[in-house]
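1. what's the 3D shape of this:
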Amino acid sequence: TLQGTSSTTDLSANKTVILHFLNDPEGNGTKKSSGRPQKISPALSRRIRLVAITGADCSPITIRRHLREKGFRNKRRLQRPRLLQRHKIARLDFARVHQTWDIGRWKKVGTRLHV
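-> Numbers count the residues shown, from 1 in each chain. All right, here's what the predicted structure looks like:
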């Protein structure tokens, strides 16, 4: 606890600042700075650092072409499991069995809701 203003003068800080720090020491100094955004993006910053370290001065297209020649492909990872051959066969079987169903028969199909 603070006793008087002697501790604030020793630390050359405002009393309110010290109280805020004592109430939330983890959040101290985490306020995002305001003002104009940086001109250099994080990606460009990494690229500048890489060029400075390696000394290689080539365009991103050259790097991509080289990686493609070495067998690397620019593909995004699938967000779901692949559709396997057995899945395709099961879908086709389902479609063939239910191909002749009329609307009345489809209306009798029960639905399950998991809530």
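2. moving C-terminal of the lowest-mean-pLDDT helix or strand in the chain, what's the next helix or strand?
-> Lowest mean confidence among the helices and strands of the chain (mean pLDDT, DSSP states H and E): helix 6-11, at a mean of 53. Reading on from helix 6-11 to the C-terminus, the next helix or strand found by DSSP states H and E is helix 15-23.
3. remind me what that next one packs against, helices and strands.
-> helix 6-11 (3 or more C-beta pairs under 8 Å, 6 or more residues apart in numbering; DSSP states H and E). The C-beta positions use only the backbone N, C-alpha and C, and glycine is treated the same way.
4. for Gly110, what are its contacts?
-> By C-beta atoms under 8 Å, 6 or more residues apart in numbering, the contact list for Gly110 is empty.
5. so it, which of the three states?
-> coil (DSSP: H, G, I helix; E, B strand; the rest coil).
6. and it, what are its phi and psi?
-> phi -80, psi 150 (degrees, to the nearest 10).
7. tell me the spacing between it and Leu50.
-> Gly110 is 59 Å from Leu50, where distance means C-beta to C-beta, to the nearest Å.
8. kindly report the same for Ser12.
-> 42 Å.
9. the two - which one has more neighbours?
-> Neighbours were counted for Ser12 and for Leu50 using other C-beta atoms under 10 Å; Leu50 has more, 12 against 6.
10. check what pLDDT that one gets.
-> Note on Leu50: pLDDT of 81.
11. same thing with Leu92?
-> Leu92 is assigned a predicted lDDT (pLDDT) of 96.
12. where's it, which helix or strand?
-> Leu92 is part of helix 85-97 when elements are defined by DSSP H and E.
13. please save the CA atoms from that helix in CSV.
-> The C-alpha trace of helix 85-97 is given here as CSV (Å, rounded to 0.1, in the frame of the first residue of the first chain):
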residue,chain,number,x,y,z
GLN,A,85,-12.5,-44.2,-52.9
ARG,A,86,-14.7,-46.1,-50.4
HIS,A,87,-16.6,-42.8,-49.7
LYS,A,88,-17.2,-42.3,-53.4
ILE,A,89,-18.5,-45.9,-53.8
ALA,A,90,-20.8,-45.5,-50.7
ARG,A,91,-22.2,-42.2,-52.1
LEU,A,92,-22.8,-43.8,-55.5
ASP,A,93,-24.5,-46.8,-53.9
PHE,A,94,-26.7,-44.5,-51.9
ALA,A,95,-27.7,-42.5,-55.0
ARG,A,96,-28.5,-45.7,-57.0
VAL,A,97,-30.7,-47.1,-54.2
